[in-house]
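Q: Okay, sequence plus prediction incoming.
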Amino acid sequence: MIIGILKEPEGEARVAFLPEAVKTLIDWKLDIWVEKGAGVSAFSPDEQYLAQGASIHSRDEILSKADLICGIQPLKQSEIAQTRPEIVLMGQLDALYNTDLTDFLLKNNKTAFSMELVPRTTRAQSMDVLSSMATVTGYKAVLLAASMLPRFFPMFMTAAGSITPARVLILGAGVAGLQAIATARRLGANVFAFDVRQAAKEEVLSLGAKFVDVEGATEDKSAGGYAVEQSEAYLQKQKDTIHEHALKADIIITTAQIPGRKAPQLVEERTVRSMKAGSVIIDLAASSGGNCALSQPEQTIDVEGVRIVGVSNLAAQMPQDASKMFGKNYLNFLKLIIKEGQIHLNFEDDIVQGTCVCHQGTAISPRIIQCVTS
């Protein structure tokens, strides 16, 4: 069986598998075809893949002959059309939000797995690419903000006087938010964090941050740990509370997203225009609508001295460790669907079923079925 590893599109420096992970796949008696230069941006040249037993091929060869293609970003529709009818495609396809791609896969009778659909269960933790990449993103977001802030993070006692610590407000205390809290605290900042889920409060406090409480949030235990949509009354109360804290903040890092839906707007235009000049906002939800009203995807803008960074793929800025983590998640998932060197799809397994967008044109994941029938 041939597993193909393709070079990711421009702007994506990660690769699905580093050479060390390829060695594991070779040990499973699989043929690994790597596109020329696929790992260069993650500091893994072709020679390292060859040394582990992989072979180097052109993109067209892999698209036309591979049995399974593992990637990160989704392929273009024109490239999917080049693949074999029996192909199994895997990646972070954003299948709930990228409905054009999902419709194309269904209409063209393809089999595809979207790794962001991995269920948030204990058994699936080792396969959860969202959590892995959120760890990288939360860490990198704080370093980016620190590099842009025109002042120190920690408190300093100097002969020239005392420097007070920076004040950081983090919106969303999921994996990215918690990593951002931990990193900002290590750098010596005073950290405040908000999340609609009361369950997050204990984790926020354990990391040394203060929890911003807004009473009246709707919670749903069936949401798998994600936030859910809230009432208009609560949203306004939430925005007012965030506005008050933002006026004192030097940095705001926003991480709040709802799978398959537009990101909730937490930072209003009035809030941005009232913040201190020199403040920095890192909006990690910019690509799905943005938590900040003025964010622009993949752009940095200046609004009256407040810089807003709309960024969606900070993990690509740490390609070595991010690729290592992604590849480990992939290996753990592949153990479920590769048996004795062949693909065996057991849709009675909740992880396999939950992650599969479609099989030969039939929607499989309950979340995808709900999306395409609604």
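A: Here it is on my side, so go on.
Q: Every contact and neighbour count from this point should use C-alpha atoms.
A: Will do.
Q: What score does the nearest residue to Tyr330 once chain neighbours are set aside have for pLDDT?
A: Nearest residue to Tyr330, sequence neighbours excluded (CA to CA, 6 or more residues apart in numbering): Met127, at 6.4 Å. Per-residue pLDDT puts Met127 at 98.
Q: next one: the one 3 residues further on
A: If you check Leu130, the pLDDT there is 94.
Q: And the helices in the stretch 1-150 of the chain, which stretches?
A: 19-27, 46-51, 59-65, 77-80, 99-107, 129-148 (DSSP state H, counting those that start in this stretch).
Q: May I see the buried residues of the second one?
A: Same thing as helix 46-51. Asp46, Gln48, Tyr49, Leu50 (16 or more other CA atoms under 10 Å).
Q: can you list the residues you listed in JSON lines and add pLDDT?
A: Shown next, in JSON lines, are these (pLDDT from 0 to 100):
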{"residue": "Asp46", "pLDDT": "98"}
{"residue": "Gln48", "pLDDT": "98"}
{"residue": "Tyr49", "pLDDT": "98"}
{"residue": "Leu50", "pLDDT": "98"}
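Q: Rebuild the helices of the stretch 1-150 of the chain as CSV, extending it with distance to Arg273.
A: Below are the helices of the stretch 1-150 of the chain laid out as CSV (distance: least, CA to CA, whole Å):
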stretch, distance to Arg273
helix 19-27, 48
helix 46-51, 49
helix 59-65, 48
helix 77-80, 42
helix 99-107, 35
helix 129-148, 18
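Q: which one is Val303 nearest to, not counting chain neighbours?
A: Nearest residue to Val303 in three dimensions, chain neighbours excluded: Arg273, at 7.0 Å (CA to CA, 6+ apart).
Q: Please report how far that neighbour lies from Ser279.
A: Per CA to CA, to the nearest Å, Arg273 is found 11 Å from Ser279.
Q: the more surrounded of these two?
A: Ser279 (25 against 14; other CA atoms under 10 Å).
Q: Could you give the backbone dihedrals for the more buried one?
A: Backbone torsions of Ser279, given as degrees, to the nearest 10, read phi -70, psi 160.
Q: start at 34 instead
A: Yep, numbering from 34; the last one is Ser312 now.
Q: Burial check on Ser307, number of neighbours?
A: 15.
Q: Please report phi then psi for the closest residue to Asn223 other than its chain neighbours.
A: Nearest-residue entry for Asn223: Arg200, 4.8 Å, with adjacent residues in sequence omitted and distances by CA to CA, 6+ apart. Dihedral pair for Arg200: phi -110, psi 120, per degrees, to the nearest 10.
Q: I'd say Tyr363 and Gln158 touch.
A: No: using CA atoms under 8 Å, Tyr363 makes no contact with Gln158, being 11.7 Å away.
Q: With neighbour numbers in mind, choose between the two.
A: Taking neighbours as other CA under 10 Å, Tyr363 and Gln158 compare with Tyr363 leading, 23 against 16.
Q: How about the backbone phi and psi for Ala128?
A: Per-residue torsions, Ala128: phi -60, psi -30 (degrees, to the nearest 10).
Q: Quick check: chain neighbours aside, which residue is closest to it?
A: Ala128 sits nearest to Thr135 (CA to CA, 6+ apart), 5.8 Å away.
Q: And Ser398, by the same measure?
A: Gly387 (4.5 Å).
Q: Now the one you found: which helix or strand?
A: Using DSSP states H and E, Gly387 sits in helix 383-388.
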